[in-house]
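> here you go, sequence then predicted model.
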Amino acid sequence: MSQPGLREVEHEITVSAPAAAVYRLIAEVRNWPRIFPPTIYVEREAQGEGAERIRIWATANGEAKNWTSRRTLDPEQLRITFRQEVSAPPVAAMGGTWIIEPVSGGESRVRLLHDYRAIDDDPKSLEWIDEAVDRNSRSELAALKNNVEAAHAAEDLTFSFEDTVQVNGSAKDVFDFINEAQAWPDRLPHVSTVRFEESTPGLQELEMDTRAKDGSVHTTKSYRVTFPHEKIAYKQVTLPALMTLHTGYWTFAENDAGVAASSQHTVTINTANIARILGPDATVEHAKEYVRNALSTNSRATLGHAKDYAEARA
């Protein structure tokens, strides 16, 4: 029998992929920002035999939230149970189970179960959670289906790269420069305007207009998670036409010569727009080179200005 105020819901989808492959995809949290649209970043905080604690940053009804969950993994039964250890208001408690069931050798059914309560069992809060769980569950399952079924094709379209500069200064000063994005229009020539919010410390919403070499202006929006003074992870949610995915992180690693400041990108190419943007003869490799050059140019420029900023304060 359900407890008063406890809501229990279930969503499911059928995926054209073997059940074991689907389980592995869900079990590996580092790829969640690439698989599930609401997920910004996931960090594994502790791990034991068949169990782990993870911290998740994600959007819910357009708002950025973060929470800590414990998971129990059962690869034999293809089940993953989860329970939020620290929930984000208005959620008082939430948990559930991923259940992956083989339908045939190449097809599986994925069931996503949730149970949750609102703080003080408030009806309006419960309605908000209902909407967020329904929206995110449908989004997660649809994205999971698409990702698994297109895994082979996506492998060729997804790539990562990194740019690094050595700074004769402190990690704190370099971190501050990247963290204080609201000051970028005054500090970075390629950034024209910035709209920046940090209603929760360490969880940022960043929308900015940047100028390309040809003078055109592009608007992008990202959510960022900060870890002073070591790392800033982000997920871009408003994307340029040539990308269907852009995630990454800035890292600040102290060494004997100061700090190695790096910008890492993971990108998936949007093949539907290659011909329109780059011409009818352009290939995926041309698109990769174009995107890498564009992102690296901005990253190296930003890191160069961060280097100047930090070294002036050394």
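Structure received. Quantities reported herein were computed from a predicted structural model and do not represent experimental measurements. Residues are numbered from 1 along each chain as shown.
> so what's Gln84 up against?
For Gln84, the contacting residues are Trp67, Thr68, Ser69, Val91, Ala93, Met94, Gly95, by Cβ atoms under 8 Å, 6 or more residues apart in numbering. The way it works is simple: take the backbone N, C-alpha and C, and place the C-beta from them, glycine included.
> can you count the residues close to the fourth one?
The reference is to Val91. As a burial measure, Val91 scores 21 neighbours (other Cβ atoms under 10 Å).
> who's the closest residue to Trp250 other than its chain neighbours bridged to?
Nearest residue to Trp250, sequence neighbours excluded (Cβ to Cβ, 6 or more residues apart in numbering): Ile232, at 4.5 Å. Counting by DSSP bridges, Ile232 forms beta bridges with Thr226, Trp250.
> same deal with the one 4 residues further on?
For Gln236, the beta-bridge partners are Ser222 (DSSP bridges).
> how near is it to Ser222?
Separation of Gln236 from Ser222 (Cβ to Cβ, to the nearest Å): 5 Å.
> you'd agree Ala92 is up against Ala118?
Yes - Ala92 is in contact with Ala118 according to Cβ atoms under 8 Å; the separation is 5.8 Å.
> check contacts around Leu73.
Applying Cβ under 8 Å, 6+ apart to Leu73 gives the contacts Ala27, Gly50, Ala51, Glu52, Ile80.
> partners of the closest residue to the first one other than its chain neighbours in the sheet?
This means Ala27. The shortest distance from Ala27 to any non-neighbouring residue, by Cβ to Cβ, 6+ apart, is to Leu73 (5.6 Å). Beta bridges link Leu73 to Ile80 when assigned by DSSP bridges.
> how near is Leu73 to Glu12?
According to Cβ to Cβ, Leu73 stands 20 Å off from Glu12.
> pLDDT wise, what is the residue nearest the centre of the chain at?
Compute the mean C-alpha point of the chain, and by Cα atoms, centre = their mean the closest residue is Ile40, 2.8 Å away. Looking at Ile40, its pLDDT stands at 93.
> that one touches Pro33, doesn't it?
Yes - between Ile40 and Pro33 there is a contact at 6.3 Å, judged by Cβ under 8 Å.
> picking that back up, ok, the residue nearest to the centre of the chain - contacts?
Ile40 neighbours (Cβ under 8 Å, 6+ apart): Pro33, Trp57, Ala58, Thr59, Ala64, Tyr223, Arg224, Val225, Ala233, Tyr234, Lys235.
> equivalent analysis for Leu25, please.
Neighbours of Leu25 in contact, by Cβ under 8 Å, 6+ apart: Asn31, Ile35, Leu144, Asn147, Val148.
> again, but for Ala92
Tyr116, Arg117, Ala118, Ile119, Asp120, Asp121.
> check Thr220 too.
By Cβ under 8 Å, 6+ apart, the contact set of Thr220 is Glu207, Met208, Thr210, Gln236, Thr238, Leu239, Pro240.
> lowest-confidence helix or strand of the protein?
helix 151-157 (a mean of 67; mean pLDDT, DSSP states H and E).
> flag every buried residue along the longest helix seen in the chain.
Counting residues, the longest helix found in the chain (DSSP state H) is helix 284-312. For helix 284-312, a neighbour-count test (16 or more other Cβ atoms under 10 Å) marks 287-288, 290-292, 294-295, 298-299, 302-303, 305-307, 309-310 as buried.
> centre of the chain to it, how far?
Between the centre of helix 284-312 and the centre of its chain there are 20 Å (Cα atoms, centre = their mean, to the nearest Å).
> mean confidence score for it?
For helix 284-312, the mean per-residue pLDDT is 96.
> other SSEs contacting it?
In terms of contacts (3 or more Cβ pairs under 8 Å, 6 or more residues apart in numbering; DSSP states H and E), helix 284-312 is packed against strand 158-167, helix 171-179, strand 258-269, helix 274-278.
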